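Enquirer: here are the coordinates; sequence isn't available:
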């Protein structure tokens, strides 16, 4: 009976730190690894609902570790794998010796029968050949299977599953269609004079081309009195803020360690920024951007400010309702 292969444990904190040290977001890393953003997040938080199995998740984590320039010892915990491999090898060795002893006994008994048959009926030489072939078939059928072949077969199946997932990803996770706004400018033509000479030609009005808007890459200045916000019913951890700008601007996020991340946002494009809470967000105006923190949209009464401090709130687990008694039901 084949035993399931124990996989190394994924060091999720190492993946998160390596990605942040390279300045990559989960969306950018998912595009490089040909995986979904949800799969990258589950490699970092330990969940596995977006994968078909632990083997598929382990193979995807190896690919992401290569992109983040992580060694196998840094990305995975191999504790207990070597001991399990030795135990399996010893068990297979004992099983192989037991099978070999049974084969030797059967072979010896077959040879004794063959000698007796040869002494009594020497003319039937074909029977001995048939007996030898049967013994060889039994020996071959009872030989232990090489564990390396099993591992190679499992890896081949996992590679086929990953290849099919990558090719079929656009069918299940279609890319959002970006809407482009085309502005057409009409120029009103001035009416020609009633008695204009024949040789005078009306001049055509030149259409001025709109100048492109340049966005500065520097952080917006912080307000002297920044707003403070703390969620009332948090659903997620407070180490991430999701930003979606309404206009083209540069937004900066400063975490508790003093690390500053600059993000140049286009209208309608969102980005997730990770850091140690509390998080300080510097914008060109809070009325020009939508913020989502701890699983809910940040709603403010005063949107004229440009700076906001996001303080994490403790996630409270829902309490199971008590069992109703007969008196309460009545």
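Expert: Cool, got the structure. Just so we're clear, the structure is a prediction, and the values are computed from it rather than from any experiment. Residues are numbered from 1 along each chain as shown.

Enquirer: residues contacting residue 56?
Expert: Listed by CB atoms under 8 Å, 6 or more residues apart in numbering, the contact set of residue 56 reads 158, 161-162, 165. The C-beta positions use only the backbone N, C-alpha and C, and glycine is treated the same way.

Enquirer: Which pLDDT does the model give residue 290?
Expert: Residue 290 is assigned a pLDDT of 89 by the prediction.

Enquirer: and the closest residue to it other than its chain neighbours, what does it touch?
Expert: Spatial nearest neighbour of residue 290, excluding adjacent residues (CB to CB, 6 or more residues apart in numbering): residue 244 at 4.5 Å. For residue 244, the set of contacting residues under the criterion of CB under 8 Å, 6+ apart consists of 265, 268-270, 289-290, 292.

Enquirer: out of the contacts of residue 56, which are inside helices?
Expert: Here DSSP state H is the test, and the contacts of residue 56 give 158, 161-162, 165 as lying in helices.

Enquirer: Could you dump those residues into CSV and include neighbour count, pLDDT and distance to residue 302?
Expert: As requested, the ones in helices among the contacts of residue 56 are exported to CSV (neighbours: other CB atoms under 10 Å; pLDDT from 0 to 100; distance: CB to CB, whole Å):
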residue, neighbour count, pLDDT, distance to residue 302
158, 17, 92, 54
161, 16, 89, 52
162, 19, 89, 50
165, 18, 80, 47
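
Enquirer: what's the closest of these to residue 311?
Expert: Distance ranking of these against residue 311, using CB to CB, places residue 165 first at 39.3 Å.

Enquirer: circling back: which among the ones in helices among the contacts of residue 56 gets closest to residue 66?
Expert: Top of the list for closeness to residue 66, among these and by CB to CB, is residue 162 at 13.9 Å.

Enquirer: Where do the domain boundaries of this protein fall?
Expert: According to automatic domain parsing, the chain comprises the domains 81-141, 227-310.

Enquirer: Where among those domains is average confidence lowest?
Expert: Of all the domains of the chain, the minimum mean pLDDT falls on domain 81-141 (a mean of 55).

Enquirer: Which positions within stretch 234-246 qualify as buried?
Expert: Taking 16 or more other CB atoms under 10 Å as the basis for neighbour counts, the residues of stretch 234-246 that come out buried are 234, 238-243, 245.

Enquirer: go on, stretch 33-43?
Expert: Residues of stretch 33-43 classed as buried under the neighbour-count rule (16+ other CB under 10 Å) are 33, 35-37, 39-43.

Enquirer: so for it, what's the average pLDDT?
Expert: Throughout stretch 33-43, pLDDT has a mean value of 91.

Enquirer: contact partners of it?
Expert: Counting by CB under 8 Å, 6+ apart, residues outside stretch 33-43 touching it are 10, 12, 15, 26-27, 29-30, 47-51, 57, 60-61, 63-64, 67, 166, 169, 173.

Enquirer: Give me the buried entries from the residues you listed.
Expert: 10, 12, 15, 26, 29-30, 48, 50-51, 57, 60-61, 64.

Enquirer: returning to what we had before: just put the contacts of residue 244 in a markdown table and tack on distance to residue 221 and neighbour count.
Expert: Conversion of these to a markdown table gives the following (distance: CB to CB, whole Å; neighbours: other CB atoms under 10 Å):
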| residue | distance to residue 221 | neighbour count |
| --- | --- | --- |
| 265 | 18 | 22 |
| 268 | 25 | 12 |
| 269 | 23 | 14 |
| 270 | 24 | 15 |
| 289 | 16 | 22 |
| 290 | 21 | 14 |
| 292 | 24 | 16 |
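
Enquirer: Sitting in strands, which of the residues you listed do you find?
Expert: Counting by DSSP state E, the members of these that fall within strands are 265, 270, 289-290, 292.

Enquirer: and those, which two are the farthest apart?
Expert: Pairwise distances across those (CB to CB) peak at 13.8 Å, for the pair 265 and 292.

Enquirer: What is the nearest of the contacts of residue 244 to residue 19?
Expert: The shortest approach to residue 19 among the contacts of residue 244 belongs to residue 270, at 17.8 Å (CB to CB).

Enquirer: residues contacting the closest one?
Expert: 242-245.

Enquirer: redo that, cut-off 6 Å
Expert: Contact analysis of residue 270 by CB atoms under 6 Å, 6 or more residues apart in numbering lists residue 244.

Enquirer: who's it bridged to?
Expert: Using DSSP bridges, the bridge partners assigned to residue 270 are residue 244.

Enquirer: Relative to residue 254, how far out is it?
Expert: Computed with CB to CB, to the nearest Å, the distance linking residue 270 and residue 254 is 19 Å.

Enquirer: Assign residue 31 to helix, strand or coil.
Expert: helix (DSSP: H, G, I helix; E, B strand; the rest coil).
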